[in-house]
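Student: Pasted the sequence and its predicted model underneath.
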Number of protein chains: 2
Amino acid sequence: MTTIKDIAKAAGVSVTTVSRALNGYSDVSEKTRLKIMNLAKELNYSPNTLARGLVMNKSKTIGLLVSGLNRESAKDQITFSVLSGINECASELDYDLVLFNTNSTKQREKTYTQLCRERRVDGAIIQGIKTDDPYLQEVVNSDIPCVLIDYPIQSENVGHVTTDNKLGAKKAVNHLIELGHRNIAMVNGHSKAFVSNMRFEGYREALQEAGISYKKEWIVNGRFEEEAGKLQAIKLLEKYPEITAIFSASDLMALGILEGAKELGRKVPEDLSVVGYDDILLAGYSNPPLTTISQNIFQLGYQAANLLIKMLEGTLEPHVITLGTKLVVRESTAKNHK
Amino acid sequence: MTTIKDIAKAAGVSVTTVSRALNGYSDVSEKTRLKIMNLAKELNYSPNTLARGLVMNKSKTIGLLVSGLNRESAKDQITFSVLSGINECASELDYDLVLFNTNSTKQREKTYTQLCRERRVDGAIIQGIKTDDPYLQEVVNSDIPCVLIDYPIQSENVGHVTTDNKLGAKKAVNHLIELGHRNIAMVNGHSKAFVSNMRFEGYREALQEAGISYKKEWIVNGRFEEEAGKLQAIKLLEKYPEITAIFSASDLMALGILEGAKELGRKVPEDLSVVGYDDILLAGYSNPPLTTISQNIFQLGYQAANLLIKMLEGTLEPHVITLGTKLVVRESTAKNHK
DNA sequence: ATGAAAGCGCTAACAG
DNA sequence: CTGTTAGCGCTTTCAT
């Protein structure tokens, strides 16, 4: 393995000069620079980023703490899309990504901060974290710059990117209201998810603004899981047959609701309107295709990476970025005829 | 940031002793070990893996060169599943993963080997590479241990994991033959993909064993893309209406074929049987649901990581792992009535 | 059982 | 424009 020392010897100069030449400093004569460059190529030199990182105290690497990189979460491509977005931006700005082992089956024995510090990542992006994660507070207190996805913390060195979940939910519910629905239930995710809370807010507000009083019993939690969504929907519809529309906090659960409705013999959208959230790939393929709130997950990742790197390079202050959403009307919603 | 030096000072011992204590060497008195351990915790010490990597010349990190981590490839979750599998195994064996920027839009100016060497990864996993990739040869010649997914190179330090593509294809085609089809076309991916070649072999062999002569004109390439699959299928069916079944080298293309058939007014499976390959998520949701060859992509990633790490730790020789496939019969295939 | 010293490959004052 | 020197944090002989 060639080092700058080897190059220095071969070129008859000092390692300092080699280092400077290779890093494009101006104070090297054109002649020696050329010689060094050629030698580097000839000797097949690659810089040792560990050594460089050690002395410079930064690694041009950002750490990824994603909780959804596992067998189960392949169904919505959310984690994947976030990852793609991050990867794309990091690529462009010439950062590498390291994936941390956080979702290991074995006990998580290291904290986020430890993970980041050990690897000397310059910053971190955290996604899919629950609001009661014991290590979350740590992140804020630590001095490692980081950006959170869909989790609202800001501080001197933590930024935050999300979508306008409240407004998104409102769009969904308003759509139902405009179709003449008044008895609108909600299948939410779980209370530990920030997005759930916001989507609930949007639901509540939309109803309120339309002068519809909302019923606590009509709001259930489906843990963002398809099966749970189905079960909850069945329970809900059996107990309160007057419900004519359901707003689901995720498409995956909405898919479950569709199944549940089918089992109960309620036709969607004739007997029941369903609107989901996320616009995952399957939403367009379900039967019927799902009306949903579309968010650009790829952008979410991209913007997170961009913000973090800009923070690292001092060109941007940590702040919050909120992306928009869009109502996509497909065939799971229809006019209320009751 | 605490270093072993700080601990040494606080404990009144040398850095050597601290290093030994922290790494569980036996030649440290129980008393000092305890003192050091406590101090480490107290001072919130994290080892600097860069420094350690520098001296030990290994980093407990494996490099990932995946070509499909981008916006476009969210539709089949193949890349994601591979990634999940790798991540799971790496987690278990306590390795971290670094994602390299290979699919950047800007010119790829670094070779695989350079990427790996710069980052000092212990080994690499390569997925989604084309057979004509200019940098592929490099990998084999370099001394970096690596394992390739779905690409058949083996050498002193490169292993290889794949599924039995030939047999898988045979299963698909045999299924069609058993249903009474004789005029079976194939929509393949592209000639630069190893799996395409193998799946074609399986197709050919199955026909041959059934005493059916195969027609070159009935084999087309859809580049593994949905739209191209559709177009190719339309062209094929218009020109050769006698075709009663199509074997597609991927589900995504099969989805396209389904659309194409619909446009031509050919009902699937009554007028045309279609079998796909991969068993992606959408396969179960298409209309009609797709009969396909299922492969365990997660396992593919898992096994790749396992093999690589075992190679790195000297417990396994580089070799090839071939995983099985399974025919999943859904509703896109039926008896031939022509 | 412990320490002194060297060195991994690189960058960064500082001096000339 | 170039070299000398020091040092990033850690592990590892080699002594003691």
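Tutor: The structure has been received and is ready for your questions.
Student: Distance-wise, check residue A:318 relative to DNA strand C.
Tutor: 25 Å (CB to the nearest atom of the strand, to the nearest Å). In this view, the C-beta of every residue, glycine as well, is placed from N, C-alpha and C.
Student: Spatially, which residue comes closest to that residue, not counting chain neighbours?
Tutor: Closest residue to residue A:318 in three dimensions, ignoring its sequence neighbours and counting by CB to CB, 6 or more residues apart in numbering or on different chains: residue A:159, at 3.9 Å.
Student: do the same with residue A:69
Tutor: Setting aside the residues directly before and after it, residue A:69 is nearest to residue B:87 in space (CB to CB, 6+ apart), at 5.0 Å.
Student: from memory the one you found sits against residue B:96, does it?
Tutor: No. If you go by CB atoms under 8 Å, residue B:87 and residue B:96 don't touch, sitting 9.9 Å apart.
Student: what about residue A:68, how many neighbours?
Tutor: Here the number of neighbours of residue A:68 (other CB atoms under 10 Å in any protein chain shown) works out to 18.
Student: The residue of the stretch 101-250 of chain A found nearest DNA strand C: neighbour count?
Tutor: Ranked by CB to the nearest atom of the strand, the top residue of the stretch 101-250 of chain A for proximity to DNA strand C is residue A:120, at 12.4 Å. Neighbour count for residue A:120, taken as other CB under 10 Å: 23.
Student: how close does it get to residue B:163?
Tutor: Residue A:120 sits 38 Å away from residue B:163, going by CB to CB, to the nearest Å.
Student: do the same with residue A:161
Tutor: In this structure, residue A:161 and residue B:163 are separated by 38 Å, where distance is defined by CB to CB.
Student: Now do the same contact list for residue A:191.
Tutor: Residues counted as contacts of residue A:191 (CB atoms under 8 Å, 6 or more residues apart in numbering or on different chains) are A:197, A:221.
Student: Also residue A:51?
Tutor: With contact set as CB under 8 Å, 6+ apart, residue A:51 has these partners: residue B:54.
Student: Up against chain B, what does the stretch 51-200 of chain A have?
Tutor: Within reach of chain B by CB under 8 Å from any CB of the partner chain, the stretch 51-200 of chain A has these residues: A:51, A:53-54, A:59, A:61, A:69-71, A:73-75, A:77, A:79-81, A:83-85, A:87-88, A:90-92, A:94, A:96-101, A:103-106, A:113-114, A:117-120.
Student: hmm, try it at 6 Å
Tutor: For the stretch 51-200 of chain A, the contact set with chain B under CB under 6 Å from any CB of the partner chain comprises A:51, A:53-54, A:69-71, A:74, A:77, A:80-81, A:84, A:87, A:91, A:96-99, A:101, A:104, A:114, A:117-120.
Student: ok, which stretches of chain A are helices?
Tutor: Assigned by DSSP state H, chain A shows helices spanning A:4-11, A:15-22, A:30-42, A:49-56, A:78-92, A:112-119, A:136-141, A:165-178, A:194-209, A:226-239, A:251-263, A:297-312.
Student: Same list, these, but as CSV with mean pLDDT please.
Tutor: Listed next are those as CSV, based on pLDDT from 0 to 100:
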stretch, mean pLDDT
helix A:4-11, 94
helix A:15-22, 94
helix A:30-42, 92
helix A:49-56, 94
helix A:78-92, 91
helix A:112-119, 87
helix A:136-141, 79
helix A:165-178, 98
helix A:194-209, 96
helix A:226-239, 96
helix A:251-263, 96
helix A:297-312, 96
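Student: Now distance to DNA strand D too, for the ones you listed, in TSV please.
Tutor: Below are those laid out as TSV (distance: least, CB to the nearest atom of the strand, whole Å):
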stretch	distance to DNA strand D
helix A:4-11	7
helix A:15-22	4
helix A:30-42	4
helix A:49-56	3
helix A:78-92	25
helix A:112-119	9
helix A:136-141	19
helix A:165-178	41
helix A:194-209	35
helix A:226-239	45
helix A:251-263	43
helix A:297-312	19
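Student: follow-up on the earlier one: hang on, the residue nearest to residue A:318 packs against residue A:316?
Tutor: No. Under the contact definition of CB atoms under 6 Å, residue A:159 does not touch residue A:316, with a separation of 8.2 Å.
Student: ok, the two, which is more surrounded?
Tutor: Neighbours per residue, other CB under 10 Å: of residue A:159 and residue A:316, the larger number sits with residue A:159, 25 against 14.
Student: Kindly state the beta-bridge partners for the more buried one.
Tutor: With DSSP bridges applied, residue A:159 shows beta-bridge pairing to residue A:147.
Student: got a list of what it touches?
Tutor: A:147, A:307, A:318-319 (CB atoms under 6 Å, 6 or more residues apart in numbering or on different chains).
Student: In ChimeraX, select just the buried ones from those.
Tutor: The buried subset of the contacts of residue A:159, as determined by 16 or more other CB atoms under 10 Å in any protein chain shown, is captured in ChimeraX by this line:
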select /A:147,307,318
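Student: can you list the domains in chain A?
Tutor: For chain A, the structural domains run A:4-47, A:61-164+A:297-323, A:165-295, going by automatic domain parsing.
Student: Ok, which of the ones you listed comes nearest residue B:294?
Tutor: domain A:61-164+A:297-323 (13.6 Å; CB to CB).
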